[in-house]
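J.: Got a sequence here, can you model it:
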Amino acid sequence: MVLGAGRRTGAGNTANAQPQCRTRRRSRHSPIRVWLVDERRLLRSALRMLLDQAVEVLVVGDSEGNDLVPAEMVRACPDVVVVHLPCRDRSRLAMIRELRGRMPAAKFLLLTDRSDPPLWGEALQSGTAGIVLTHESPAVLVKAIATVQAGDLWLERALLAQTLAALTHPSHSGTGRDIPSLTAREQTILNHVAAGRSNKQIARHLGRSDITVRHYLTALFAKCGTGSRCELLAFAYRHGLCEPIGESRPDGC
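T.: Got it, this is the predicted structure:
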């Protein structure tokens, strides 16, 4: 039986205490725990059946995606939350922002029916780690889940360019943060991230280890006041730290 969010579960708990996700260490061989959010029960069931065929994924629950955050989702501590984003519905983005505070280790992947770069730009700023169009195959969705769980960004190259370009309209001073000064190596790493490359791809290109690349990314997050690759890219494009993607020029924007 699933306990309600306000039910007392032990001594010292208050009636209105919110459940919190306890940080879990995932082993390399354990499946990626996934939670599905879609207002349509039939499609949630169909998506669950499709994902259940992938050995690398374990669907631990699903919910409708209304304004309330299900307590059982937080307790389940999913690695990745797959959220269907209805056309022009920004309420899901507010839900993602709330969930990031309660499940800081979770990654968020959007499923959407149509291209909407301005809305997707908002999604990236809200902490979304990837966007998949619903015309894609189940295999693409599984790959996207694995990619965002590993800490990388999932978005087709052309769509990434359109989405981040939507953030570059003259609002470079919009956040009130100081624009940081980057070292040459940090700028190179940022350019590779903007080109859609994963940590492993960046490491191979630079002849460095994955750990070294992660250290540089951590420094970039700290300098820019961001907590994810998506937020970093949104910040970088809005403040002119990198130009919109055309042909990839990873050693100089």
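J.: Surely residue 138 is in contact with residue 51?
T.: Yes: if you go by Cβ atoms under 8 Å, residue 138 and residue 51 touch, sitting 7.3 Å apart. For every residue, glycine as well, the C-beta is placed using N, CA and C.
J.: between those two, who's got more neighbours?
T.: A direct count of neighbours by other Cβ atoms under 10 Å for residue 138 and residue 51 places residue 51 higher, at 20 against 13.
J.: Spit out the contact partners of the more buried one.
T.: Listed by Cβ atoms under 8 Å, 6 or more residues apart in numbering, the contact partners of residue 51 are 34, 36, 57, 59, 138, 141-142.
J.: So which of the residues you listed sits lowest on pLDDT?
T.: Within these, residue 138 has the lowest pLDDT, namely 91.
J.: Against residue 155, how distant is it?
T.: Per Cβ to Cβ, to the nearest Å, residue 138 is found 18 Å from residue 155.
J.: List the buried residues of the helix or strand hosting residue 185.
T.: Using DSSP states H and E, residue 185 sits within helix 184-194. Neighbour counts using 16 or more other Cβ atoms under 10 Å place 186-194 of helix 184-194 among the buried residues.
J.: leaving aside the residues next to it on the chain, what's closest to residue 40?
T.: Once flanking residues are discounted, residue 40 sits nearest to residue 84: 7.8 Å by Cβ to Cβ, 6 or more residues apart in numbering.
J.: so what's the one you found scoring on pLDDT?
T.: Residue 84 is assigned 91 on the pLDDT scale.
J.: Adjust the sequence numbering to begin at 21 for everything that follows.
T.: Sure, I'll start numbering at 21, so the last one becomes residue 104.
J.: part of a helix, is it?
T.: No: using DSSP: H, G, I helix; E, B strand; the rest coil, the assignment for residue 104 is strand, not a helix.
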